[in-house]
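Student: Have a look; sequence and predicted model below, questions after that.
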Amino acid sequence: MQMKHRSRYFVILALILSLLLSTSAVFAAANPNVTIASPVSGSTVSSSSLLVSVKVTAPTTIKVGVAKLMKTADTPATAAEYEKAVKEGTLSSFTTASVFQDEPFKTKNNLSFYTKKLENMSPGVYRVKVETLGSAGTAVYSSSRYVIMKSEASAAVDFSSTQPGAVQFLQGLLKSIFN
Amino acid sequence: MNTSPHSKRNTIEFIKSILLVVLCLSTILLLYFFWTDKRFEDFSLDDLPFMDAEEESMEMLDVLLPTKMWICHGEGTYTGIEHKKPVWNGQGNSLFGYFVKFMSNSNMIFEEITKEQYASIMEKLCLCGEFEYGLPFEGLCALAGSEKPAGSDSSMSINQLVISMGSPESFFLADENSDKYYRLALQEQPQGLEQWLTQLDSTMTNPYFEVGTVVGSPIENKTLMPIALEAELREMTCTKEFADAGGEEIQELAKSFFGDSFDFVRKIDEANGTKVYMYGYGEKILIAGKDGTIEYKEDISATSEKAGFFISLERALKFISAHEGIEALKGHVTDIFLKSVTKGARNGSYHFYFGTMIDGLEVSYMESSPLELEVCGQQVTYYRRALFEDFQEASRSRTSEKEVSEAVNVLAKNYDKIYIHLTQNPDIEEPVAAQTAFIRVANSIDKISYGYLILNQKQQNSKKTGKTAVEPVWMISLENGRVNAYFGLYSADYLGCSVTER
């Protein structure tokens, strides 16, 4: 009986130690010195270009990646599906397909920015992920932002609410007489 | 052969007519000498009113250049245009060219639009030119060869001109100071506009974003900042105009102000090398500094009448042309442009500040403005000229190996130095938090561009070559041009800051 209790304690102790000593990114918090300035969290971009800008406020090395949110291996998630998943807390059910992964960005300054403009992005939902790399080159911190990319909006602007030309002309004529 | 009495009389009458004409001309000439108190050898046909020689002056559109120009590719992506002249007023299609087309169309309708409508068209594919100063609309129309359109106010001024695919049959104007927005509307878009705008969109690809977008919340500054710029600018040298000028050269310059005879003009040679020419009791003074700076002052005449912006600017350009001009500068072609305008000392007068350009890029000098004039009515009451010439590539220039430093990281590296000049308060009791200082600096930026900086004595290395060094630089302007900071284009090193109180 005592042996049984001891082995149980060992298992529990091993579990606790593995959690405490683990540097897995699964439990990595966001680095307080790394902020994703662009895109704004949950924003919608009506363009095929995306600016990724990361603010770093301490000497560090980061790695930036952008991935498209996928419902299945072949089907991208739509904006509506993403927003529903956010409300229900089921975002982890989606997978991702990497569209961009940059080389590590290293800075020795107390303030610097990483910027990258991505072009020709198809409509969909994207995750921007920034990892802070430790001395061993593995991720010690991680933070993510989601952005919805839509097709560019239509071009024409409606001016029909402004007064018709004839009335405007007469008004202008009266103004010019009394100027 | 006997001549008849009739023909003899005709001959006498003819000779009398000739004598009368000669006497009349002689009278006019003698009266001229009497009234103007000139000597015979000073006489010049150009002095006669009906022989008023038309001075060749610079074209106004050559100096009226937007402070900023950019293309919006749509929905928050932009490209800033540094070489503005061809797009503003070049051969073929240009922004001002389309303004002229719209103004000259007899079916054009002028109307005021809402701020929201204006903001909408600015988010579509569009080309925008923005001036730091307001341009009287009536004068701008005259420059385009047209009358101001019916319905427009005589006192209206504008500072932005836009063409947009949001409404290609319209030309948009804005007066941001008064929060007024207008459009010139046609029945259909002018020929070639859409193709030209699309072509510009595809060829101008250096990405620019708003400062607030790049650096993130809480900064909301909409000033455009380039990301990943490609530019090949070379280190150069130059010399100050008139810096080593001899007495004869200065005297020739002085003649353009006082006339060849120097009547009633005193010349003073100061111990420090400055030469002063003074007319009368100081009604007109010309000062030629040893460092090559030329300054001219003239007392305001009591009869001087007010003149509008464009008339005053025309007067300024004629004055510049009449006194050395710009073509006289040696070496590489230098262009000037109207950088800013303020009110002059007297009501209704204008103080014009000109900048200089090499290859379409601004050349700055921290110590002073290169060219400035004050115009009161038809009279130029102040003229200051501190120009550089003979621009040449420096022998040590190896720019092609270098990468342009990112504008946002130039700001990140140097914001603390800018902050000191912005606040002009080195005696703050507590150290300002870095974030507070960065936010203040980032929110105050109103222009980020690149060009050249002429280094002053302190900035140059100790090697005296007799020439002045010119560096490719980032230029960051803050608080409507009150503070201008300069950084190495490739090194991102801080080079200096100028603060102007106007």
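Tutor: Cool, got the structure.

Student: care to break chain B down by domain?
Tutor: B:64-205, B:238-390, B:394-499 (automatic domain parsing).

Student: Quick check: which of those is nearest to A:His5?
Tutor: Closest of these to A:His5 is domain B:394-499, at 54.4 Å (criterion: Cβ to Cβ). To be clear about C-beta, it is placed using only N, CA and C from the backbone, and glycine gets the same treatment.

Student: so how far is the closest one from its chain's centroid?
Tutor: Remark: domain B:394-499 is offset 23 Å from the chain centroid, using Cα atoms, centre = their mean, to the nearest Å.

Student: Nearest to chain A, out of the domains of chain B?
Tutor: Nearest to chain A, of all those, is domain B:64-205, at 2.5 Å by Cβ to the nearest Cβ.

Student: Briefly note if the closest one comes near chain A.
Tutor: Yes - counting by Cβ under 8 Å from any Cβ of the partner chain, chain A has neighbours in domain B:64-205: B:73-77, B:109-113, B:117, B:120-121, B:123-125, B:149-154, B:164-167, B:170, B:183, B:185.

Student: same deal with stretch B:480-497?
Tutor: No - judged by Cβ under 8 Å from any Cβ, stretch B:480-497 and chain A are separated, with a smallest distance of 10.5 Å.

Student: buried sites along that stretch?
Tutor: Buried residues in stretch B:480-497, counting neighbours by 16 or more other Cβ atoms under 10 Å in any protein chain shown, are found at B:481-490, B:492, B:494-497.

Student: Over to stretch B:292-299?
Tutor: Result for stretch B:292-299 [16+ other Cβ under 10 Å]: buried residues B:292-298.

Student: Switch the domains of chain B over to TSV; also include distance to A:Ser98 and mean pLDDT.
Tutor: Output for the domains of chain B, formatted as TSV (distance: least, Cβ to Cβ, whole Å; pLDDT from 0 to 100):
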stretch	distance to A:Ser98	mean pLDDT
domain B:64-205	23	93
domain B:238-390	40	88
domain B:394-499	25	84
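
Student: In TSV, list those along with distance to B:Thr27.
Tutor: Output for the domains of chain B, formatted as TSV (distance: least, Cβ to Cβ, whole Å):
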stretch	distance to B:Thr27
domain B:64-205	41
domain B:238-390	24
domain B:394-499	56
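
Student: Return the residues of the stretch 401-502 of chain B in contact with chain A.
Tutor: With Cβ under 8 Å from any Cβ as the criterion, the stretch 401-502 of chain B meets chain A at residues B:406, B:408-409, B:412-413, B:415, B:434, B:438.

Student: Is it possible to get JSON lines of those that adds secondary structure, distance to B:Gly280 and neighbour count?
Tutor: Converted to JSON lines, these look like this (DSSP: H, G, I helix; E, B strand; the rest coil; distance: Cβ to Cβ, whole Å; neighbours: other Cβ atoms under 10 Å in any protein chain shown):
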{"residue": "B:Glu406", "secondary structure": "coil", "distance to B:Gly280": "58", "neighbour count": "22"}
{"residue": "B:Val408", "secondary structure": "helix", "distance to B:Gly280": "57", "neighbour count": "24"}
{"residue": "B:Asn409", "secondary structure": "helix", "distance to B:Gly280": "58", "neighbour count": "17"}
{"residue": "B:Ala412", "secondary structure": "helix", "distance to B:Gly280": "57", "neighbour count": "22"}
{"residue": "B:Lys413", "secondary structure": "helix", "distance to B:Gly280": "55", "neighbour count": "19"}
{"residue": "B:Tyr415", "secondary structure": "helix", "distance to B:Gly280": "53", "neighbour count": "20"}
{"residue": "B:Ala434", "secondary structure": "helix", "distance to B:Gly280": "59", "neighbour count": "14"}
{"residue": "B:Phe438", "secondary structure": "helix", "distance to B:Gly280": "56", "neighbour count": "22"}
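
Student: which pair in the residues you listed spans the largest distance?
Tutor: Using Cβ to Cβ, the pair of these lying farthest apart is B:Glu406 and B:Ala434, separated by 19.4 Å.

Student: Please compute how far the longest helix seen in chain B lies from its chain's middle.
Tutor: Ordering each helix of chain B by length in residues (DSSP state H) puts helix B:5-36 first. Centroid separation between helix B:5-36 and its chain, computed with Cα atoms, centre = their mean, is 52 Å.

Student: Show the average pLDDT along the helix or strand following it.
Tutor: The helix or strand immediately downstream of helix B:5-36 is helix B:60-63, counting by DSSP states H and E. The average pLDDT within helix B:60-63 is 90.

Student: Just list what helix B:60-63 packs against, helices and strands only.
Tutor: Packed against helix B:60-63, as judged by 3 or more Cβ pairs under 8 Å, 6 or more residues apart in numbering or on different chains; DSSP states H and E, are the following elements: helix B:309-322, strand B:334-343.
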